[in-house]
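Novice: predicted model and sequence below, questions to follow.
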Amino acid sequence: MFDKKNLKEALRLYAVTDNAWLGERTLAECVAAALAGGATFVQLRDKQANEATLRSEAAELLALCRAAGVPFVVNDDVETALAVGADGVHVGQEDMACERARALLGPDAIIGVSTQTVEQARAAEAAGADYLGVGGVRGTATKPEAGVLTPEEFRAIAAAVGIPVVAIGGIDAETVPVLADLDVAGAAVVSAIFAADDIENATRELSRIIDETLPV
């Protein structure tokens, strides 16, 4: 299990998988490339997979992340996280309640919660969340239903809680610099990593820009 005292640093470049971008490549080889390029956190998000496929994917990615010393969580599915021994889960506002996930996973698990308001952020922290995914930074095809927050809204959420905030939604090499003014610990990235022809180099470039943008 990942040591949560290092969580804030681990959230710096948070890779969220999306099988829609893989083409002929396997999910495992794409995640391995992202880790080689400097991804510091991995979330498995596969809304189309059945239970057996998701568990197989999770077990394979967990092994890669363990070897890299990077935390690994599963989107929404607490049962899969428990079955494979993942570091935790990330849940949205329409997924399992954070309190329930914490009760099932225990105190050492990492639990992230997607939020868009100060009220949601405070509720998630009170329920036991370890970090928040906040966004979007701009509109994205990955989650078209998600709204875009202003810089003031980002800063208000970060100021309202004592846990790290990760910016999500429409983040790529061009938009990372806007994070400098948002009081966030890192960036959650989907297509800018997994849609890239060269995932390792795309991730390395994102890591470089994040290092230039966000304080250590």
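Specialist: It's in.

Novice: hey, where'd the strands end up in this structure?
Specialist: Secondary structure of the chain (DSSP state E): strands located at 13-16, 41-44, 72-75, 88-91, 110-115, 131-135, 165-168, 186-189.

Novice: in CSV: these, plus distance to Asn6.
Specialist: Heads up, the C-betas are built off the backbone N, CA and C, glycines and all. Output for the strands of the chain, formatted as CSV (distance: least, C-beta to C-beta, whole Å):
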stretch, distance to Asn6
strand 13-16, 14
strand 41-44, 11
strand 72-75, 14
strand 88-91, 14
strand 110-115, 11
strand 131-135, 12
strand 165-168, 15
strand 186-189, 13
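
Novice: make TSV out of these and add mean neighbour count, mean pLDDT and distance to Leu62.
Specialist: Listed next are the strands of the chain as TSV, based on neighbours: other C-beta atoms under 10 Å; pLDDT from 0 to 100; distance: least, C-beta to C-beta, whole Å:
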stretch	mean neighbour count	mean pLDDT	distance to Leu62
strand 13-16	27	98	14
strand 41-44	26	98	9
strand 72-75	26	98	5
strand 88-91	28	98	11
strand 110-115	26	98	13
strand 131-135	28	97	19
strand 165-168	27	96	20
strand 186-189	26	97	19
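
Novice: quick check: the gap between the residue in the chain sticking out farthest from the centre and Asp197.
Specialist: The outermost residue of the chain relative to its centre, with distances by C-alpha atoms, centre = their mean, is Glu24 at 23.9 Å. In this view, Glu24 and Asp197 are 12 Å apart by C-beta to C-beta, to the nearest Å.

Novice: what pLDDT does the residue lying closest to Ala127 once chain neighbours are set aside get?
Specialist: Once flanking residues are discounted, Ala127 sits nearest to Cys98: 3.9 Å by C-beta to C-beta, 6 or more residues apart in numbering. With respect to pLDDT, Cys98 scores 97.

Novice: what's the neighbour count on Cys98?
Specialist: Counted with other C-beta atoms under 10 Å, residues neighbouring Cys98 total 22.
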